[in-house]
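Novice: for reference, the sequence and a predicted model appear below.
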Amino acid sequence: MMLKAHGALISARDVSLAYGSRIILDHVNVDVRHGEIVTLIGPNGAGKSTLVKVMLGLEQPDSGAIIRQPGLRVGYVPQSFPVTAHVPLSVRRLMTLTVDAEERQLRRALAATEAEHLIDARVVRLSGGEMQRVLLARALLRDPQVLVLDEPVQAVDFYGEVRLYELISRIRKDQGCGILMVSHDLHMVMAESDHVVCLNGHVCCEGGPGAVQRDPEFTRLFGPAAARMIGAYQHHHDHSHDGAPGTCNHPHHKA
Amino acid sequence: MDILFEGFFQRALLAGLGIAMVAGPVGCFIVWRRMAYFGETLAHSGLLGVGLGLLLGINIVWGAVAAAVVLALLLLALKRQKELASDTLLGILSHTALALGLLTVGLITGAVTGHLDILFGDVLTVSRADVLTVWAGAALVLAVLVTLWRDLIAMAVHEDLARAEGVRVDRVELAFVLIIAIMTAISMKIVGLLLITALMIVPAAAARRLSASPEAMALWAVAIAAVAVLAGLFASAWWNVIAGPAIVIAAGLIFVLTLFAPQRS
């Protein structure tokens, strides 16, 4: 792939990584720009989380490079957060593990994810959805230019899932940050993403949601049913933008 | 209470309380980071260090620190391979180090039983120099802990997240390993190599239910470890039992008691 002319906030350039003989990432290119939601989809073991870790600098690629704008502020919500009854933590403390923040900033970040009431809650008592909103607020507290969300709706019930995706979409509008998201959740991805990268070791196909869904590679990877289902979903949403989450009762597909 | 005026007992108390002071917070990190087996392995390697120390004619405390550090570095390096699970790896290294230590010490002193005190502790032999070693080591450990406190907590909560947010995880990890190595070395004389992990994790585990913040848990762990040390040493004096196991049993009893305390989460 050619180097893109317009400045990306963070890019993976021809990144490859193997564990022993197992190839995890095979010459992968991804760009995240200002105000853009880029979503990584792909089957289990496709290297989505690994790619995210490489882009965050948590793992070193065997070849290729990660290009970040100098001084880039990144907010990260990791895939698994095994919290951990081990460490006694309040939400307030969890938020400020690595940054100092005033009460006002804490409350503003939590309010942005509708979690302000949880500020003094114990972390072990949070539900899956509350935890994700707190982690999202935690990432926002760093005033990020790029948000990296690895499976942001894990352990969240369906209603909470819809609300979380709406929230992510709103954060993109309000904060103008670029968002790199890993998701299993095909129909949501298609509704909110600007750019979809379908990963299976290498980049199988990429483009706008519509283009990806029509790509034969996509159909091969996820099956024709998924492609049809997404089409139906797109159509459904083209005609109802009221956004009331309770009215969504289309089939819920997990890849 | 006459025992309180005995020099050896006073030295044992001083040394034991010095160890309790650091066993509390270090134990918390071991519990938070699920490193109990890791600590155990480093402690076992202490015996090999003692053997090598005797062999080379250097101070056995330095020998134990050196062996634990070398083993820890080996572990960190081996963790990068993905063939063997890390608990298997720890099992191999832990018991090999213990066996090598027993052999080395046995060969050098002619009888391994002569050095059982290193495995289980022997308060009768605590010298003034030992007390000094304990307090110097404890002061060093506390200084490192205070300096790295915030990074260590962030890593205990989520290592990848800490790294992504700028914590220099590898450096902090190295310092933490060094801390456990020093802990092991200074605790040999009092609780012994086989039981030092227990003195670190049992008070920390007991402190968990009583604490609402990491700092509270560390302080509770210090208090519980100190009570266990006192109880163990007095039990040892009154009933003529070995101090190390008595200390660990006291800590275990306190842990059981805390199960009845309300959970502070």
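Specialist: Yep, that arrived.
Novice: so what's the one residue sitting closest to the centre of chain A up against?
Specialist: Nearest to the mean C-alpha position of chain A, counting by CA atoms, centre = their mean, stands A:Met181 at 2.0 Å. By CB atoms under 8 Å, 6 or more residues apart in numbering or on different chains, A:Met181 lies in contact with A:Ile37, A:Val38, A:Thr39, A:Leu40, A:Val148, A:Leu149, A:Asp150, A:Pro152, A:Ile168, A:Val189, A:Ser193. From N, CA and C alone the C-beta is placed, and that goes for glycine too.
Novice: do the same with B:Val26
Specialist: Here B:Val26 is in contact with B:Val141, B:Leu145, B:Ile179, B:Ile180, B:Met183, B:Met200 (criterion: CB under 8 Å, 6+ apart).
Novice: where along the chain do the helices fall?
Specialist: The chain I'm using is chain A. A:48-56, A:91-95, A:103-112, A:128-140, A:158-175, A:186-192, A:209-214, A:216-222, A:224-238 (DSSP state H).
Novice: meant chain B actually
Specialist: Here chain B has its helices, by DSSP H, at B:7-32, B:36-56, B:60-78, B:86-109, B:116-120, B:128-157, B:159-164, B:169-187, B:196-208, B:214-239, B:243-258.
Novice: show me what from the stretch 101-250 of chain B comes close to chain A.
Specialist: Proximity of the stretch 101-250 of chain B to chain A (CB under 8 Å from any CB of the partner chain) is limited to residues B:150, B:153-154, B:156-158, B:160-167, B:208, B:211-214, B:216-217.
Novice: can you do 6 Å?
Specialist: Contacts of the stretch 101-250 of chain B with chain A, taken as CB under 6 Å from any CB of the partner chain, map to B:154, B:156-157, B:160-161, B:163-165, B:211-214, B:217.
Novice: which one of those is nearest B:Val134?
Specialist: Among those, B:Met217 lies closest to B:Val134 (CB to CB), at 23.2 Å.
Novice: now do the closest one against B:Arg264, distance only.
Specialist: Separation of B:Met217 from B:Arg264 (CB to CB, to the nearest Å) stands at 9 Å.
Novice: quick check: neighbours shared by those two?
Specialist: B:Ser211 (CB atoms under 6 Å, 6 or more residues apart in numbering or on different chains).
Novice: quick one, which of those two is more surrounded?
Specialist: Taking neighbours as other CB atoms under 10 Å in any protein chain shown, B:Met217 and B:Arg264 compare with B:Met217 leading, 29 against 15.
Novice: now the more buried one: closest residue in space, sequence neighbours ignored.
Specialist: Take B:Met217 and drop its neighbours on the chain: the residue closest to it by CB to CB, 6 or more residues apart in numbering or on different chains is B:Ser211, 3.6 Å away.
Novice: now swap in A:Gly35 and tell me
Specialist: Excluding its sequence neighbours, the residue lying closest to A:Gly35 (CB to CB, 6+ apart) is A:Gly176, at 5.0 Å.
Novice: burial measure for residue 94, as a count.
Specialist: Since no chain was named, I'll use chain A. The burial count for A:Leu94: 23, using other CB under 10 Å.
Novice: please refer instead to chain B.
Specialist: 21.
Novice: check the one 5 residues further on too.
Specialist: Here the neighbour count serves as a burial measure; for B:Ala99 (other CB under 10 Å) it reads 13.
Novice: how about B:Ala205?
Specialist: 23.
Novice: pLDDT below threshold where in the stretch 151-255 of chain A?
Specialist: Residue ranges of the stretch 151-255 of chain A with pLDDT under 70: A:155, A:187-190, A:225-255.
Novice: can you get me a residue count around B:Leu142?
Specialist: B:Leu142, neighbours per other CB under 10 Å, totals 15.
Novice: in terms of pLDDT, where does it sit?
Specialist: Per-residue confidence (pLDDT) for B:Leu142: 96.
Novice: please identify the deepest-packed of the helices of chain B.
Specialist: Of the helices of chain B, the one with the most neighbours on average (mean count of other CB atoms under 10 Å in any protein chain shown) is helix B:196-208, at a mean of 28.
Novice: send me that helix as CSV with only the CA atoms.
Specialist: Written as CSV, here are the backbone C-alpha positions of helix B:196-208 (Å, rounded to 0.1, in the frame of the first residue of the first chain):
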residue,chain,number,x,y,z
ILE,B,196,9.3,-16.5,54.0
THR,B,197,6.7,-16.5,51.2
ALA,B,198,4.1,-17.4,53.7
LEU,B,199,5.0,-14.4,55.9
MET,B,200,4.6,-12.2,52.9
ILE,B,201,1.3,-13.5,51.4
VAL,B,202,-0.7,-14.6,54.5
PRO,B,203,-0.7,-11.2,56.2
ALA,B,204,-1.5,-9.5,52.9
ALA,B,205,-4.3,-11.9,52.2
ALA,B,206,-5.7,-11.3,55.7
ALA,B,207,-5.4,-7.5,55.2
ARG,B,208,-7.5,-7.7,52.0
